[in-house]
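Undergrad: Show me the folded form of this:
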Amino acid sequence: MTELALALVVAVPLWFYLSTWRSFYFLNPINTFWPLYLMFGVYESFTHLDAWNRIYGDSVVCYTILLHVLLGLCVCVGYRMKFGRRTAERAPINSGPDIGNRYLALGVVMLALGVYGYVNIIAVSGGIGRFLATSRTGTDFGALSGYEMALTGFIPVGLCLVLCLSRQGQRYRMLFRPVLIGFLALLIWDIYSGTRSGVILALVLLMGGFYGTERRNPPAAVVILGGLGVIALVGFTAAFRGDMFGGRLNADVSVEEGLDRIFASFRGDEMVGPQLGTEFSMACAVVTYVPDSIAFNKGRLLLELLTRPIPRSVWPEKIYPEGEAWSQVHEIAGTATWRNDAGLLSGPAPGAVGKLYYIAGPIGVILGGLLTGIMLQFVYFYTMRFSGVSQVFLSVSTAMLGFGEMNNPMLWPITWLPTTGLGIVVALSLCRVGRWHVVSQRAKRRRVLESYLAAPGASPAAGGIRVGEAG
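TA: Numbering: from 1, shown residues only. This next block holds a predicted model:
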């Protein structure tokens, strides 16, 4: 039964793409949802299936896998519903032309903010020597606020903006090579600091900005080679991030040993036993202990969207609804051992199945899946309504939202919005001539019809407007 459930998890995204292949576009944010869906539902579960069965029981493991199937089906249904697209067609849009110089200035400002963020983090952490002395950097998280940490997120956004601009015509073509160097430097830093998500984000932004300007999908060879490159770099980052300190790689291994170590994490060979601190384990733990030992959360953890932005200097006794909710699970399930500054156990991302089930059981998974599909469809069709640099920048910047929704759904207002989302709003508001207004498809069709009727000698059936054309 478990093997059949695993096969169904794989079948869901295959069915989705078979039914939507003609409209496939690589910057559609739902494309970043499915890889993580398969990672949690198939790879993490299958790698140590026997061990999971011993820890949580066959029925819990099988049920958790089936919940992934249910989530995937609901995402498909939500995405195929017309509500997201219709809402996107009615949403406000700035349809004015782009102003290249403003986009360039904004990109520079974003890069400056990101650099300032790193300079401040290094200074607060005791200087560059101390900052680089330990693996994954010696950042003093206790002395830094979330706002200061968020500033570094403006670097990839700024690079992406300048890259999109450099691909629009000859005027800014000279910026292409410098921005490639910037992406290379960012990628090296992400590898050194052990940030796998940063590696993926940098590569997605680079490929998206390059091919998105022409609204075309990358060639199949580029996709295959790029995918293998991502796997290799992510594996290298995971395998050697403990050896990155002092400004260099501190590992004396042969090429064969290095390759074996890189791909060990994907085979599961490097682990003596299953890691409880994984997303699939989190989902199994929630299914095991909720609601028997811990009551359904009923959405109270979502209040963190309101409390997280408030600085602790303003609210000394600040509460963390989501952190407190997951600390309860970690206490009883043993899925985390590290406590944060608030004294709460902090562990891995819960994954969509774990979080949605914690909120309201299978009903939470169903409603959350439908909402995810609707949201991703809205984002895709809304970005397609723009043009020029704005359209590419908007599409590339939102491409990773699917990743976030599978990793920790409904958290984007306090993670994505303050950095990337804020950059998008500022860019579209300052760098396009015109005002924000609502233009529905019905209004567009009415205007087209009115123009036909106003044109002498023209009719809607003529296929175009022929003004003053002789009979």
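Undergrad: and the nearest residue to residue 37 once chain neighbours are set aside, what is it in contact with?
TA: Nearest residue to residue 37, sequence neighbours excluded (Cβ to Cβ, 6 or more residues apart in numbering): residue 406, at 5.3 Å. Just so you know, the C-beta spots here come from the backbone N, C-alpha and C atoms, and that holds for glycine as well. When contacts are counted by Cβ atoms under 8 Å, 6 or more residues apart in numbering, residue 406 touches 33, 36-37, 40, 351-352.
Undergrad: change it to 6 Å
TA: 33, 36-37, 352 (Cβ atoms under 6 Å, 6 or more residues apart in numbering).
Undergrad: Likewise for residue 432?
TA: Per Cβ under 6 Å, 6+ apart, neighbours of residue 432: 94, 96, 98, 390.
Undergrad: again, only using 8 Å
TA: Taking Cβ under 8 Å, 6+ apart as the test, what residue 432 contacts is 94, 96-99, 390.
Undergrad: looking at these, which has the most residues close by?
TA: Ranked by neighbour count (other Cβ atoms under 10 Å), the contacts of residue 432 have residue 390 at the top, with 24 neighbours.
Undergrad: Next up, identify which helix or strand that residue is on.
TA: helix 388-398 (DSSP states H and E).
Undergrad: Check which helices and strands that helix sits against.
TA: Under the contact criterion of 3 or more Cβ pairs under 8 Å, 6 or more residues apart in numbering; DSSP states H and E, helix 388-398 touches helix 100-124, helix 154-166, helix 196-212, helix 351-383, helix 422-430.
Undergrad: what angle separates it from helix 196-212?
TA: Interaxial angle, helix 388-398 versus helix 196-212 (axes from the mean of the first three to the mean of the last three Cα atoms, to 10 degrees): 150 degrees.
Undergrad: For the protein, give me the ranges with low pLDDT.
TA: Counting by pLDDT under 70, the chain shows low-confidence ranges at 146, 263-274, 439-471.
Undergrad: And the residue nearest the centre of it?
TA: For the chain, residue 400 is the residue whose C-alpha lies nearest the centre (Cα atoms, centre = their mean; 3.0 Å).
Undergrad: I'd assumed residue 32 was in contact with that residue.
TA: Yes. With contact defined as Cβ atoms under 8 Å, residue 400 reaches residue 32; the gap is 5.4 Å.
Undergrad: so what sits against both of these two?
TA: residue 204.
Undergrad: For the one helix or strand residue 70 maps to, name the packing helices and strands.
TA: Assigned by DSSP H and E, residue 70 belongs to helix 58-80. The elements that helix 58-80 packs onto, with contact taken as 3+ Cβ pairs under 8 Å, 6+ apart, are helix 2-20, helix 33-38, helix 44-47, helix 49-56, helix 279-289, helix 351-383.
Undergrad: Determine which stretch of these is the most buried.
TA: helix 279-289 (a mean of 26; mean count of other Cβ atoms under 10 Å).
Undergrad: Give me the distance between the helix or strand just after it and the centre of its chain.
TA: Using DSSP H and E, the helix or strand that follows helix 279-289 in sequence is helix 304-307. Centroid separation for helix 304-307 versus its chain: 20 Å, with Cα atoms, centre = their mean, to the nearest Å.
Undergrad: Against which helices or strands is whichever helix or strand comes after helix 304-307 packed?
TA: Next in sequence after helix 304-307, counting helices and strands by DSSP H and E, comes helix 321-333. Applying 3+ Cβ pairs under 8 Å, 6+ apart, one finds that helix 321-333 contacts helix 279-289, helix 304-307, strand 345-346.
Undergrad: tell me the angle helix 321-333 makes with helix 351-383.
TA: 150 degrees.
Undergrad: List the contacts of the helix or strand following helix 321-333.
TA: Once helix 321-333 ends, the next helix or strand along the chain (criterion: DSSP H and E) is strand 338-339. In this structure, residues lying in contact with strand 338-339 by Cβ under 8 Å, 6+ apart are 345-347.
Undergrad: List just the nearest of those to residue 332.
TA: residue 345 (10.3 Å; Cβ to Cβ).
Undergrad: Tell me how far the closest one lies from residue 320.
TA: 12 Å (Cβ to Cβ, to the nearest Å).
Undergrad: ok so, going back, in CSV, list the helices and strands packed on helix 388-398 along with distance to residue 228.
TA: CSV is the format used below for those (distance: least, Cβ to Cβ, whole Å):
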stretch, distance to residue 228
helix 100-124, 29
helix 154-166, 22
helix 196-212, 12
helix 351-383, 25
helix 422-430, 30
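Undergrad: Select, out of those helices, the one closest to residue 16.
TA: Nearest of these (Cβ to Cβ): helix 351-383, 9.7 Å.
Undergrad: any residues touching the helix holding residue 390, and which ones?
TA: Outside helix 388-398, the residues that reach it (Cβ under 8 Å, 6+ apart) are 27, 29, 94, 97-98, 100, 103, 157, 160-161, 164-165, 167-168, 204-205, 208-209, 212-213, 215, 379, 383-384, 386, 420-421, 423-424, 427-428, 431-432.
Undergrad: Now stretch 350-357 - C-alpha only, PDB.
TA: Taking Å, rounded to 0.1, in the frame of the first residue of the first chain, the C-alpha atoms of stretch 350-357 are listed here in PDB:
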ATOM      1  CA  PRO A 350       7.200  22.100   8.600                       C
ATOM      2  CA  GLY A 351       6.300  21.500   4.900                       C
ATOM      3  CA  ALA A 352       2.900  22.200   3.500                       C
ATOM      4  CA  VAL A 353       1.400  18.800   4.700                       C
ATOM      5  CA  GLY A 354       2.600  19.200   8.200                       C
ATOM      6  CA  LYS A 355       1.500  22.800   8.600                       C
ATOM      7  CA  LEU A 356      -1.900  22.500   6.900                       C
ATOM      8  CA  TYR A 357      -2.700  19.300   8.800                       C
END
